[in-house]
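Chemist: Prediction below, plus the sequence it came from.
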Amino acid sequence: MRQEKSRAIAIPFIGGKNVMPITGYFGPYPHDYEGFPDYFTDDIFKKIADAGINLIVRSAADYHTQPELVEKTLSLGEKYGVGVFVSDNSIVEGEEAQTITAEVVAQKIEAYKERKAFCGMYVVDEPTATYFCDPDGSRLISKYERASKILQQDLDQLCYINLLPIYNFELETRVNYERYVNEFCDTLQPKVVMWDMYPFDKTREGKMEVYFYNMDVIRKAADERNLPFWAFVQAGSQWNDGWNEFEVTIPYFPNEEQFNWNVNTSLAFGAQGIQYFPLVQPYQFTMTKEGDYECNGIIGAMGNKTQWYYYAQTINKHIEAIDEVLMNSMHKGVVASGGQAKKDLEFTTCVIKSGNFNELQSVSGDALVGCFNYQGKTALYVVNHSFEQAQKVKLTFDGVQNLQLIQKAKASDANTSELILDMAAGEGILIVIQ
């Protein structure tokens, strides 16, 4: 197998081409609500870094109105090794954004672009289209075209520009969604394709074919444009974007096995960046009748470590052990083994129908196997497709192979033609054939 150049984005501040961006959305944010802590502190940034998160893509402090908080975010990021995307609404919002020039944008970002922790710009989250998702006229894709082009093409900045997910699975919606993804990519021309889809919700329970279809559409759009993609991972539940007091009636919070499955299935599909939502629980997400300060977020609204903090910390150590391989590989497809995996991936286009890839001849067990070209070698990312039960997954090769395995962040070797893996629910294991 010949070598192929990876599409991964290298961010020098977090370690360059061998380090996967592990990001958080809704980082430290300003507010005036009594009783809530200051998030722009050493304590919060140390927790972020200790969780294994190396990049904040949305801090919610805007340079146009709160430059001192952005400066503080960059200073704390530099201290703890956490990169920052800067929000500056004077560039991307309002009437000025429709006529702004590259020269003016260059002058504006001069104030912070040389800071060590500065890694890019926040542009827009989930813009709409007239034919998809109840369009909001103030957030149409076209409104961000000028700023996106200037920042990315003219000034060579990496930008956060994120797609909506698909919400139902009707054929017309699927057609419109694929049209939306292509319009988004062709108009805004991102350097990395991002979208968010949160699978662990009662409205989506038992509908994982929608989750995989959505990921496959993104993967395909990225592949056609020779771009990487980054995937969001669900940290908690009970979003409250409406800012209304709400009652928790059907709490559904991903446990560790589900959380790991969300990460590992994304990696098996070729994601070269992981984004946790939310990083710090926003105020409006606490507005239950009783007040719930840790129903979501890697860090809760009171600055506390939630259950997802510890889940993220553990799996991020595993990502750190495998990211050099994944960041330097080209994704070639997915092998689906077992009835449930094949059912859930029924609508994806990257499934390798033959069930074999290079030296890999067959897979047994309910599993997904991401298949990669790692600098001319075969790399496999094996995922236990069940997030409820541990199981044994068997891989058969076309002869005795020298294998390097990384499981739970620990490396080992095997020399065999048949490999049996003991896998926890939702677990992922990397294998490189030497």
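Modeler: Okay, I see it.
Chemist: With adjacent residues omitted, what lies nearest to residue 64?
Modeler: The spatial neighbour of residue 64 that comes closest, neighbours along the chain excluded (Cβ to Cβ, 6 or more residues apart in numbering), is residue 90 at 4.1 Å. For every residue, glycine as well, the C-beta is placed using N, CA and C.
Chemist: Residue 182 now?
Modeler: According to Cβ to Cβ, 6+ apart, the nearest residue to residue 182 is residue 221 (6.5 Å).
Chemist: My reading is that the one you found lies in a helix. Confirm?
Modeler: Yes: assessed with DSSP: H, G, I helix; E, B strand; the rest coil, residue 221 lies in a helix.
Chemist: for residue 364, what are its contacts?
Modeler: 337, 338, 393, 394, 396 (Cβ atoms under 8 Å, 6 or more residues apart in numbering).
Chemist: Residue 292 is in contact with residue 240, isn't it?
Modeler: No: using Cβ atoms under 8 Å as the test, residue 292 is too far from residue 240 to be in contact (9.9 Å).
Chemist: number of nearby residues for residue 366?
Modeler: Residue 366: 21 surrounding residues under other Cβ atoms under 10 Å.
Chemist: quick one, what contacts it?
Modeler: Residue 366 neighbours (Cβ under 8 Å, 6+ apart): 337, 338, 339, 340, 341, 384, 385, 386, 391, 393.
Chemist: Residue 46 now?
Modeler: residue 80.
Chemist: So that it lines up with my notes, have the first residue be 59 from now on.
Modeler: Sounds good: first residue 59 from here, last item residue 104.
Chemist: Next, give phi and psi for it.
Modeler: phi -70, psi -40 (degrees, to the nearest 10).
Chemist: Break this structure down into its domains, please.
Modeler: What automatic domain parsing lists as the domains of the chain is 70-385, 388-491.
Chemist: Lowest mean pLDDT across these, which one is that?
Modeler: Lowest mean pLDDT within the domains of the chain: domain 70-385, a mean of 93.
Chemist: Where is the longest helix in the chain?
Modeler: Taking DSSP state H as the criterion, the chain has its longest helix at helix 365-385.
Chemist: then that helix to CSV, C-alphas only?
Modeler: In CSV, the C-alpha atoms belonging to helix 365-385 read as follows (Å, rounded to 0.1, in the frame of the first residue of the first chain):
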residue,chain,number,x,y,z
GLN,A,365,-19.1,12.6,35.8
TRP,A,366,-18.2,13.5,32.1
TYR,A,367,-15.1,15.2,33.3
TYR,A,368,-13.7,11.9,34.5
TYR,A,369,-15.0,10.0,31.4
ALA,A,370,-13.2,12.6,29.1
GLN,A,371,-10.1,12.5,31.2
THR,A,372,-9.8,8.8,30.8
ILE,A,373,-10.5,8.5,27.1
ASN,A,374,-8.4,11.5,26.3
LYS,A,375,-5.4,9.7,27.7
HIS,A,376,-6.2,6.9,25.2
ILE,A,377,-6.5,9.4,22.4
GLU,A,378,-3.1,10.8,23.4
ALA,A,379,-1.7,7.3,23.0
ILE,A,380,-3.1,6.8,19.5
ASP,A,381,-3.4,10.2,17.9
GLU,A,382,0.0,10.1,16.2
VAL,A,383,-1.3,7.2,14.1
LEU,A,384,-4.8,8.7,13.4
MET,A,385,-3.5,12.1,12.6
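Chemist: Quick check: which helices or strands does that helix pack against?
Modeler: In this structure, helix 365-385 packs against helix 314-326, strand 332-335, strand 425-432, strand 435-442, strand 449-465, strand 486-491, with contacts taken as 3 or more Cβ pairs under 8 Å, 6 or more residues apart in numbering; DSSP states H and E.
Chemist: who does the second one pair up with?
Modeler: Think strand 332-335. Next to strand 332-335 in the sheet, as set by DSSP bridges, lie strand 80-83 (parallel), strand 287-292 (parallel).
Chemist: what's the spacing between the spatially most central residue of the chain and residue 375?
Modeler: The centroid of the chain falls nearest to residue 289 when counting by Cα atoms, centre = their mean (2.6 Å). According to Cβ to Cβ, to the nearest Å, residue 289 stands 19 Å off from residue 375.
Chemist: ok, now residue 296?
Modeler: 28 Å.
Chemist: With neighbour numbers in mind, choose between these two.
Modeler: Under the criterion of other Cβ under 10 Å, the comparison of residue 296 against residue 375 puts residue 296 first, with 20 against 13.
Chemist: that's a strand at that one, yeah?
Modeler: No: applying three-state DSSP, one finds residue 296 to be coil, outside a strand.
Chemist: Thought residue 355 was touching it, still the case?
Modeler: No: with contact defined as Cβ under 8 Å, residue 296 does not reach residue 355; the gap is 10.5 Å.
Chemist: what sits in contact with each of those two?
Modeler: Counting by Cβ under 8 Å, 6+ apart, the common neighbours of residue 296 and residue 355 are residue 343.
Chemist: Contact partners for the residue nearest to the centre of the chain?
Modeler: Contacts for residue 289 (Cβ under 8 Å, 6+ apart) come out as 252, 253, 273, 276, 324, 327, 329, 331, 332, 333.
Chemist: in the sheet, who's paired with it?
Modeler: residue 253, residue 332.
Chemist: Export the helices and strands packed on helix 365-385 as a markdown table, with columns for mean neighbour count and distance to residue 152.
Modeler: What follows is these, written out as a markdown table (neighbours: other Cβ atoms under 10 Å; distance: least, Cβ to Cβ, whole Å):
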| stretch | mean neighbour count | distance to residue 152 |
| --- | --- | --- |
| helix 314-326 | 24 | 35 |
| strand 332-335 | 25 | 26 |
| strand 425-432 | 25 | 42 |
| strand 435-442 | 25 | 44 |
| strand 449-465 | 17 | 48 |
| strand 486-491 | 22 | 44 |
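Chemist: Can you say which of the ones you listed is nearest to residue 134?
Modeler: strand 332-335 (18.3 Å; Cβ to Cβ).
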